[in-house]
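Asks: Got a sequence here, can you model it:
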Amino acid sequence: MVRTERPATAAPTERNREAAEPELALELLVHGVGGATPHGMLADPRTERVAGDDIAGLHRRADDIDAEERPGDYRDRPVREAYVWSNLTSGNGSRALWLVLLPFMVVNLAHWMRPTAEGRAGTVRAYGVLVRLVALTLTVLLTAAVCEVALDLTAWQCAGTRACSSGKAWLGFMSADRHGWWSQPGRRLALAATVPTLLTGLLWFLSHRTWSAYEAQRPTTDGDCPTDGRRPALCLPGFWYGRRIVARLRAAHTAAALLTVTVVLLQPTTRYDRAPGGSAILDTAGWVLAVALPVLAALVVLTVCRRGRSEATRDEATDSRTVRALPVAALALLALAALDAAWSRPGWTSRGMLPGDRTFGLIALTQGVLLVLLVLAARGLHRAAPVERTPLGGLAGPAVATLACALGGLMSGGVAQRIADWLDGRATPGMGDGPLAGPPVVLSWQAAAVPVLLAALLALVLLLAVRAVRVRRSLFRTVPDGYPGEPTDRRRTGVIAGAIARAGLTDSAPWVIGAAGALTLALGGVALAGAWSTRDVPGEAAEGTPGIVEDTAQTAQALGSWCVGLGIVVLLTWGRRAYRDPAARRTIGILWDVGTFWPRAAHPFAPPCYAERAVPDLTWRMRTWTERTGGRLVISGHSQGSVLAAAAVWQLDAATRGRVALLTYGSPLERLYGRWFPAYFGPRQLAVLHRDIRCWRNLWRLTDPIGGPVRLPAGAGTAVDQGPLKDPQAYGRSADHPLPAPVLGHSHYQADPAFARERTALLASLAARIPAQPQGSEGRSSG
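Replies: You can find the predicted model right below:
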């Protein structure tokens with residue numbers, strides 16, 4: 001049931017005002033990763049939605065709906081209200097389809113991992129441009145992979161070979177042996193080009209639909225954040241308003257994808273027309289198209305590089321000409337290329353791979369160059385203004401961008417390898433024992449590098465596991481000290497010590513990500529060099545070498561092919577489960593809760609940013625409730641909800657912040673966001689947040705693998721961190737704990753007595769800071 005807001009009541013009399021003191025208080029609860037229900041958050045099966053919709057809304061207990069009309073009933077406790085936003089990321093079964101776009105989400109994170117910058121505006125701009133160009137190569141890579149499957153392996157190789165097409169009825173109508181209208185190679189390619197074109201249209205549609213629901217929605221408040229660079233970026237009025245850049249990037253990426261299909265179509269036709277006996281008219285048409293292609297490509301790159309995000313102000317410009325003209329021009333060029341390819345060429349036959357099989361190698365080379373330049377930019381920024389605890393010496397962004405390229409390469413290679421295996425029957429693609437020439441050689445080399453990468457990462461994980469075991473053993477001496485007077489139990493101590501040691505592994509994540517990024521970049525270079533120098537798959541290139549080398553190359557090629565194929569199968573299986581199983585959908589939604597907090601600044605086809613809906617929701621609620629009631633409000637956020645709460649507080653005006661307290665628990669504000677996103681949640685930014693909202697407490701546990709202390713710098717004001725909290729609450733059995741108390745880790749912070757104690761202290765602190773409400777002020781209303 002949905003309740004609408006009631007109008008403000010008449011101003012209370014002085015007698016009623018004195019009876020209602022202290023002022024009404026509201027606790028606004030914001031849940032964390034994995035989703036939550038109103039019933040669970042409010043500990044009551046009878047809840048009602050008071051604002052919002054099925055995607056995100058505010059809920060109260062049924063008994064608290066009219067709390068503003070009965071302030072005297074809430075003298076000793078706040079009214080509790082829950083903001084439920086889980087459906088923004090994991091509510092619909094179709095959200096599982098975003099798993100396919102995982103590389104786009106990861107590269108978007110790299111944009112926000114930029115190190116802090118002091119007076120390095122040019123380097124900051126270069127960093128953003130490089131990340132956006134890397135993102136553009138991922139779009140080209142995805143499109144090229146679809147073209148490889150549809151145009152090269154299916155339409156060019158299989159349909160042009162009797163041994164491959166004879167047993168496939170669905171391919172018979174364009175088989176070269178039938179000599180039908182579709183049997184000519186150019187017409188087969190033109191028909192197959194509809195597959196990547198339709199995929200591009202689907203991506204454009206998804207991006208446009210989510211853009212209308214997220215980025216195109218204007219923020220509800222401007223706050224009071226100066227634009228002189230001294231304030232954190234998250235308080236700027238345009239930070240959660242990515243309308244312009246997402247529309248512009250969507251047009252550029254759509255055009256880039258369509259131009260990629262055009263390139264694949266033009267290469268074989270122009271090569272045939274320029275050979276002896278080719279048509280002069282078709283050759284001229286091909287030259288015209290070939291000249292127009294780089295012009296449009298240059299406009300795409302210019303559009304991506306020309307302008308980044310506008311955060312200091314709300315940028316209302318639309319770039320309508322670019323947004324409309326660029327994709328339309330690319331689509332028109334593709335249509336002309338398809339018409340040219342479909343023109344009759346009676347003597348044309350398809351042999352081997354499509355011309356232009358080096359496309360994947362050029363994409364990999366471009367990505368490698370961009371990543372090296374990104375490393376230089378990030379390192380320069382970090383050295384100019386180093387921030388303590390920043391992982392990988394400021395190279396977290398380049399490392400994550402490298403992993404995005406690796407994911408894109410693995411997904412592209414996995415699809416191509418598996419489709420080639422299926423079309424080639426029992427033969428091994430690329431080994432010369434079947435009807436197909438196989439996918440491009442560079443994909444086989446990249447797949448062969450996967451077992452090496454996995455082996456190295458497995459060794460690193462084993463080292464971290466050994467380290468965790470050692471930490472657990474060292475804690476055996478200190479854990480009982482936290483429970484004085486209780487008899488020790490080695491097994492119980494081991495359980496607690498193990499939980500602490502496992503939680504500490506989170507802080508070792510930079511080593512894994514850094515090693516994976518460095519190895520990926522090095523192995524990618526080796527794979528590219530091997531493919532271009534030998535022009536053969538690893539198994540064939542190793543023929544004639546010592547037996548161990550040849551066997552190792554063939555084994556790596558076979559294992560790599562199966563590894564990337566298995567990765568695709570696992571991804572699709574997860575998507576299928578998420579579509580059918582709400583519990584699995586909630587689990588997969590955790591990935592998006594963390595990865596899609598940030599706006600789409602680098603890739604327009606990434607999953608949408610839910611914070612662009614959640615932050616304005618919370619900001620609007622806090623501002624309107626405090627204005628109407630004159631009461632106190634504590635916003636309490638758990639896990640990812642604490643990040644949303646902090647971002648919403650940053651968007652408040654000073655008057656509203658004076659009536660708001662912040663309670664965070666299990667919070668990754670510093671442990672995750674402060675370290676990996678130092679330009680936005682670094683020590684200076686968190687210190688400014690504490691200066692803006694004096695009433696702030698943070699609860700944390702040693703057993704929590706996600707949350708941790710805020711670690712404000714010295715001199716930042718009153719203490720914020722309250723912890724580590726005792727976990728479990730009791731070591732052994734007692735009168736208060738007749739059964740062994742569980743290790744709670746990241747959950748059930750509200751069950752700890754410290755939670756109610758700190759909440760009460762925050763509300764009391766607000767009451768002391770807020771001046772008495774003058775007579776005749778605005779009365780209360782329900783929320």
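Asks: need the contact list for the closest residue to residue 673 other than its chain neighbours.
Replies: Once its chain neighbours are removed from consideration, residue 673 has its nearest residue in residue 681; the separation is 4.0 Å (CB to CB, 6 or more residues apart in numbering). All C-beta atoms are positioned from the backbone trio N, CA, C, and that covers glycine. Taking CB atoms under 8 Å, 6 or more residues apart in numbering, we find residue 681 in contact with 669, 670, 673, 674.
Asks: rerun that using 7 Å as the cut-off
Replies: Counting by CB atoms under 7 Å, 6 or more residues apart in numbering, residue 681 touches 669, 673, 674.
Asks: For burial, what's the neighbour tally of residue 463?
Replies: The local packing count at residue 463 equals 12, with neighbours defined by other CB atoms under 10 Å.
Asks: list the buried ones in stretch 383-397?
Replies: 385, 387, 390, 391, 392, 394, 395, 396, 397 (16 or more other CB atoms under 10 Å).
Asks: Pull the distance from it to the chain's centre.
Replies: Centre-to-centre, stretch 383-397 and its host chain are 21 Å apart (CA atoms, centre = their mean, to the nearest Å).
Asks: Over to stretch 50-59?
Replies: Between the mean C-alpha point of stretch 50-59 and the mean C-alpha point of its chain there is a distance of 24 Å (CA atoms, centre = their mean).
Asks: ok, so what distance separates the residue nearest the centre of the chain from residue 727?
Replies: Among the residues of the chain, the smallest C-alpha distance to the mean C-alpha position (CA atoms, centre = their mean) belongs to residue 595, namely 2.9 Å. According to CB to CB, to the nearest Å, residue 595 stands 28 Å off from residue 727.
Asks: so where do the helices sit in the stretch 601-750 of the chain?
Replies: Using DSSP state H, counting those that start in this stretch, the helices of the stretch 601-750 of the chain run over residues 611-629, 640-650, 654-657, 675-676, 678-681, 683-692.
Asks: could these go into CSV alongside mean pLDDT?
Replies: Conversion of the helices of the stretch 601-750 of the chain to CSV gives the following (pLDDT from 0 to 100):
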stretch, mean pLDDT
helix 611-629, 92
helix 640-650, 94
helix 654-657, 91
helix 675-676, 94
helix 678-681, 92
helix 683-692, 91
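Asks: now those helices as JSON lines including distance to residue 300?
Replies: Formatted as JSON lines, these follow (distance: least, CB to CB, whole Å):
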{"stretch": "helix 611-629", "distance to residue 300": "25"}
{"stretch": "helix 640-650", "distance to residue 300": "33"}
{"stretch": "helix 654-657", "distance to residue 300": "43"}
{"stretch": "helix 675-676", "distance to residue 300": "30"}
{"stretch": "helix 678-681", "distance to residue 300": "28"}
{"stretch": "helix 683-692", "distance to residue 300": "35"}
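Asks: Between the ones you listed, which one is closest to residue 120.
Replies: When the helices of the stretch 601-750 of the chain are ranked by distance to residue 120, counting by CB to CB, first place goes to helix 678-681 at 11.1 Å.
Asks: so where is the stretch 1-150 of the chain shaky, pLDDT-wise?
Replies: Judged by pLDDT under 70, the stretch 1-150 of the chain has its weakly predicted residues at 1-22, 34-35, 90-98.
Asks: which stretches of the stretch 1-150 of the chain form helices?
Replies: Shown for the stretch 1-150 of the chain, the helices assigned by DSSP H, counting those that start in this stretch span residues 14-20, 38-42, 87-90, 102-112, 121-147.
Asks: what about these, which gets the closest to residue 634?
Replies: Closest to residue 634 of the helices of the stretch 1-150 of the chain, according to CB to CB: helix 38-42, at 14.7 Å.
Asks: Show me what the closest one is packed against.
Replies: Secondary structure elements in contact with helix 38-42, counted by 3 or more CB pairs under 7 Å, 6 or more residues apart in numbering; DSSP states H and E, are strand 57-61, strand 79-84.
Asks: 10 Å instead, please
Replies: Using 3 or more CB pairs under 10 Å, 6 or more residues apart in numbering; DSSP states H and E as the contact criterion, the neighbours of helix 38-42 among helices and strands are strand 25-30, strand 47-52, strand 57-61, strand 79-84.
Asks: what residues does that helix touch?
Replies: With CB atoms under 10 Å, 6 or more residues apart in numbering as the contact definition, helix 38-42 has outside contacts at 29-31, 44-49, 57-62, 64, 80-84, 638, 641, 750.
Asks: List buried members of these by neighbour count.
Replies: Buried members of these, counted by 16+ other CB under 10 Å: 29-31, 44, 47-49, 57-61, 64, 80-84, 638, 641, 750.
Asks: Give me the distance between residue 602 and residue 400.
Replies: When CB to CB is the yardstick, residue 602 and residue 400 sit 11 Å from each other.
Asks: between these two, which one's more packed in?
Replies: Remark: of residue 602 and residue 400, residue 602 carries more neighbours, 31 against 24, as counted by other CB under 10 Å.
Asks: Identify the residues contacting that one.
Replies: Here residue 602 is in contact with 104-105, 107-112, 128, 130-136, 138, 245, 249, 304, 308-309, 401, 404 (CB under 10 Å, 6+ apart).
Asks: Got phi/psi on it?
Replies: Phi and psi for residue 602, reported as degrees, to the nearest 10, are phi -120, psi -40.
Asks: Please apply the same query to the one 4 residues further on.
Replies: Residue 606 has phi and psi values of phi -70, psi 160 when expressed as degrees, to the nearest 10.
Asks: do residue 726 as well
Replies: The main-chain torsion angles of residue 726 are listed as degrees, to the nearest 10 and equal phi -70, psi 130.
Asks: can you pull the contacts of it?
Replies: Contacts for residue 726 (CB under 10 Å, 6+ apart) come out as 482, 483, 701, 702, 703, 741, 752, 753, 754.
Asks: now swap in residue 670 and tell me
Replies: 389, 681-683, 686, 698, 700, 707-712, 721.
Asks: which among the residues you listed gets closest to residue 205?
Replies: Scanning those for proximity to residue 205, where the rule is CB to CB, the winner is residue 681, at 33.6 Å.
Asks: now that closest one: how far from residue 646?
Replies: Applying CB to CB, the value for residue 681 to residue 646 is 8 Å.
Asks: Identify the contacts common to these two.
Replies: 232, 234, 669, 673, 689, 710.
Asks: Not including adjacent chain positions, what is the nearest residue to the second one?
Replies: Right, the one you point to is residue 234. On the basis of CB to CB, 6+ apart, the spatially nearest residue to residue 234 that is not a chain neighbour turns out to be residue 650, at 4.7 Å.
Asks: List the residues that contact that neighbour.
Replies: Neighbouring residues of residue 650 by CB under 10 Å, 6+ apart: 223, 225, 231-236, 239, 615, 619, 657, 685, 688-689, 692-693.
Asks: and what of residue 679?
Replies: Contact analysis of residue 679 by CB under 10 Å, 6+ apart lists 112-117, 124, 127, 232-233, 381, 385, 387, 390, 397, 685.
Asks: hmm, 8 Å instead?
Replies: For residue 679, the residues meeting the contact criterion (CB under 8 Å, 6+ apart) are 112, 114, 115, 116, 117, 233.
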